[in-house]
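Trainee: sequence and predicted structure below; questions after.
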Amino acid sequence: MHIAIVDSSRVVLKLVAGLLEPRGHVLELFTDSSAALDYIASHPSITALITSLEVRPISGLELCWSARLLGDASRPLSIIVMSSTRCTHTLAEALDSGADDFIEKPPSAEELHARLRAAERLTTVQSALIRLAETDPLTGLMNRRAFMARAQDAVAHADASGSLAAILLDIDHFKRINDAYGHDIGDEAIKAVASLISGNGIAGRLGGEEFALLLPDRDLAEATVIAERLRRRAVAVRVPVEAGPAKLSCSFGVSAWRRGDTVDGLLKRADVALYEAKATGRDRVVASDGGMPLSKAC
């Protein structure tokens, strides 16, 4: 596990580290609780926090509370509190502040390892639940909820970097594919398109045969080139069926972030462009800056 350990005493930190390092754990040691919280926030690989209650500048209880907010958002995090004072009131306060477990300080090796094994079981379950909540089960892409959350982060980043593009796409005449070959082949077509866009940016399945792709640090022209490349690859897809390989095509709408833009505004412009692509023949890319469509490619 990747573990952050916080205590005001370097002696205690050294003692706990000496118990954990031989077991292969990756450790980050802090005497400053504020620095520890900043590190945990910026390093999602941290899956366990072991902290004393007697830490500064923010208290151990406050650190538990703040770390729990980070963990509950979208990542597994187990919190173990250490204290030399073991009383019912102290234990209740720690648990109410977000701690998952409590251990006396200094901890014994046997108990500490047992607590961490329990923590690892907990974070494994949390990870599985997060995957279920955020992943589209058919394609493995992000589902709509997870994609929109990532989109909010991407727009916030665009405020600093100045560029972000969005591509919306869907499979042309998808109902015909289902009607002609059955829903199993329709699912294979959806998975094939998902594999095309996976790894190109922030990709998600919005529902049915509709997908979205966000491209951080890309402008409208660059995103249009990427969309056209994906369009050509989609045309080349062949889905095996008994009567011979089934072909498909996709339509694409492209938009670019503008300063002060919202996620809804960015995706709405891409959706308008996608509608234009569908209305003018399908199997094409249409880019829009918010007014009339700027370009078409097919």
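Mentor: Sure thing, it's come through. Small disclaimer: the values here were computed from a predicted structure and weren't measured. Numbers count the residues shown, from 1 in each chain.
Trainee: quick one: secondary structure of E242?
Mentor: coil (DSSP: H, G, I helix; E, B strand; the rest coil).
Trainee: so for stretch 191-210, what's the average pLDDT?
Mentor: Averaged across stretch 191-210, pLDDT comes to 95.
Trainee: for the longest helix along the chain, packing partners?
Mentor: Taking DSSP state H as the assignment, the helix of the chain that covers the most residues is helix 109-134. Helices and strands touching helix 109-134, as assessed by 3 or more CB pairs under 8 Å, 6 or more residues apart in numbering; DSSP states H and E, comprise helix 10-20, strand 48-52, helix 60-74, strand 78-83, strand 101-104, helix 144-161. Any C-beta I mention is one placed from the backbone N, CA and C, and that applies to glycine too.
Trainee: most tightly surrounded among those?
Mentor: Counting by mean count of other CB atoms under 10 Å, strand 48-52 has the highest mean neighbour count of the helices and strands packed on helix 109-134, with a mean of 26.
Trainee: show me what contacts A160?
Mentor: Neighbour list for A160: empty [criterion: CB atoms under 8 Å, 6 or more residues apart in numbering].
Trainee: distance of it relative to N178?
Mentor: Counting by CB to CB, to the nearest Å, the gap from A160 to N178 is 43 Å.
Trainee: could you list the low-pLDDT ranges of the stretch 151-298 of the chain?
Mentor: Low-confidence segments of the stretch 151-298 of the chain, defined by pLDDT under 70: 161, 290-298.
Trainee: strands of that one, start to end?
Mentor: Taking DSSP state E, counting those that start in this stretch as the criterion, the stretch 151-298 of the chain carries its strands at 164-171, 202-207, 210-216, 238-239, 246-247, 250-256, 285-288, 293-297.
Trainee: check those for me and report the most buried one.
Mentor: strand 250-256 (a mean of 29).
Trainee: now for it, which elements pack on it?
Mentor: Using 3+ CB pairs under 8 Å, 6+ apart: strand 250-256 touches strand 164-171, helix 220-235, helix 263-279, strand 285-288.
Trainee: I'd like the ones you listed as CSV, with distance to I40 appended.
Mentor: CSV is the format used below for the helices and strands packed on strand 250-256 (distance: least, CB to CB, whole Å):
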stretch, distance to I40
strand 164-171, 27
helix 220-235, 34
helix 263-279, 27
strand 285-288, 41
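Trainee: H113: which of the ones you listed is closest?
Mentor: Smallest distance to H113 across these (CB to CB): 44.7 Å, for helix 263-279.
Trainee: give the other helices and strands that that closest one contacts.
Mentor: The elements that helix 263-279 packs onto, with contact taken as 3+ CB pairs under 8 Å, 6+ apart, are helix 144-161, strand 164-171, strand 250-256, strand 285-288, strand 293-297.
Trainee: next, format those as CSV and append distance to L61.
Mentor: Putting the helices and strands packed on helix 263-279 into CSV (distance: least, CB to CB, whole Å) gives the following:
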stretch, distance to L61
helix 144-161, 28
strand 164-171, 39
strand 250-256, 46
strand 285-288, 51
strand 293-297, 55
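Trainee: quick one: closest of the ones you listed to G186.
Mentor: Closest approach to G186 among those (CB to CB): strand 164-171, 8.7 Å.
Trainee: any stretches of the stretch 1-150 of the chain with poor pLDDT?
Mentor: Confidence mapping of the stretch 1-150 of the chain against pLDDT under 70 gives the ranges 72-73.
Trainee: so which of the strands of the stretch 151-298 of the chain gets nearest R68?
Mentor: Here strand 202-207 is closest among the strands of the stretch 151-298 of the chain (CB to CB), at 26.6 Å.
Trainee: check which helices and strands that closest one is in contact with.
Mentor: Here strand 202-207 touches helix 144-161, helix 183-197, strand 210-216, going by 3+ CB pairs under 8 Å, 6+ apart.
Trainee: 7 Å instead?
Mentor: Contacts defined by 3 or more CB pairs under 7 Å, 6 or more residues apart in numbering; DSSP states H and E place strand 202-207 against helix 144-161, strand 210-216.
Trainee: how about the ones you listed in a markdown table, adding distance to R233?
Mentor: A markdown table is the format used below for the helices and strands packed on strand 202-207 (distance: least, CB to CB, whole Å):
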| stretch | distance to R233 |
| --- | --- |
| helix 144-161 | 21 |
| strand 210-216 | 13 |
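Trainee: between those, which one is nearest to I58?
Mentor: Closest to I58 of the helices and strands packed on strand 202-207 is helix 144-161 (CB to CB; 24.8 Å).
Trainee: how big is the angle separating the closest one from helix 60-74?
Mentor: Between the axes of helix 144-161 and helix 60-74, defined by axes from the mean of the first three to the mean of the last three CA atoms, to 10 degrees, the angle is 110 degrees.
Trainee: so which of the strands of the stretch 151-298 of the chain comes closest to A114?
Mentor: strand 202-207 (39.7 Å).
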